[in-house]
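Peer 1: A predicted structure for the sequence below; I have some questions about it.
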Amino acid sequence: MNKTILHTAIDLLSRREHSVKEIVNKLRQRAYAQEEIEQVIEYLLSNNYLCEQRFAESVFRSRINKGYGKRYIENELKQKGLASALISETEEHAAIDWYELAQQSYHKKFGSSAIKDEKDKAKRIRFLQYRGFSTDEIFAAINMDEYLD
């Protein structure tokens, strides 16, 4: 096994959790041989340096703390190469009230200001859509805000 590749991979993992796909891509960018990368990945997985479950939990926590919704987080994890089953399992363990999170994100961005017109309402809906919330969660957050005024 190439120690240079191993040290590079461990150096990357020392900063934050990564998915297997991310580590492989970063090592390929450094022009290492595919066979040597595979050996290092196997070593990292077998010694628990690299764990996709831990990575998924880390991303989930981070994005929830930043006010992102379920769809945004799922798409990000899929792009980073995680299996749908692992994403679903991580989501179940997180036990998040997505309606409450949508409400918090909405209030953090817009405060308690009233919706002025349809254009303003559309802007608020687009914001929550971009954040990855479902239509039900969005309208629950917006309608709750209208009742508070």
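Peer 2: That came through fine. Numbering: from 1, shown residues only.
Peer 1: Which helix or strand in this structure has the lowest average pLDDT?
Peer 2: Taking mean pLDDT, DSSP states H and E as the measure, the helices and strands of the chain show their lowest mean at helix 135-148, namely a mean of 80.
Peer 1: buried sites along it?
Peer 2: 137-138, 140-142, 145 (16 or more other C-beta atoms under 10 Å). C-beta: built from backbone N, CA, C; applies to glycine.
Peer 1: do the same with stretch 38-53
Peer 2: Of the residues in stretch 38-53, those scored as buried under the neighbour-count criterion (16+ other C-beta under 10 Å) are 40-41, 43-44, 49-52.
Peer 1: Next step: these restricted to helices.
Peer 2: Secondary structure assignment (DSSP state H) places 40-41, 43-44, 52 from the buried residues of stretch 38-53 within helices.
Peer 1: tell me which of those is nearest to Lys21?
Peer 2: Each of those was checked against Lys21 using C-beta to C-beta; the closest is Glu52, at 9.2 Å.
Peer 1: How much space separates Ala33 from Tyr99?
Peer 2: As judged by C-beta to C-beta, to the nearest Å, Ala33 and Tyr99 stand 49 Å apart.
Peer 1: now swap in Arg131 and tell me
Peer 2: Between Arg131 and Tyr99 the distance is 13 Å, computed by C-beta to C-beta.
Peer 1: same question, Gln53
Peer 2: The gap separating Gln53 from Tyr99 is 26 Å, by C-beta to C-beta.
Peer 1: about what we covered before: contact partners of the least confident helix or strand of the chain?
Peer 2: For helix 135-148, the external contacting residues (C-beta atoms under 8 Å, 6 or more residues apart in numbering) are 69, 98-99, 101-103, 105-107, 110, 112, 115, 121, 124-125, 128-129, 133.
Peer 1: can we see that at 6 Å?
Peer 2: Counting by C-beta atoms under 6 Å, 6 or more residues apart in numbering, the neighbours of helix 135-148 from elsewhere in the structure are 98-99, 102-103, 106, 125, 128.
Peer 1: I'd like to know which of these is nearest to Ser62.
Peer 2: Sorting the contacts of helix 135-148 by how near they are to Ser62, with C-beta to C-beta, puts Trp98 at the top with 16.3 Å.
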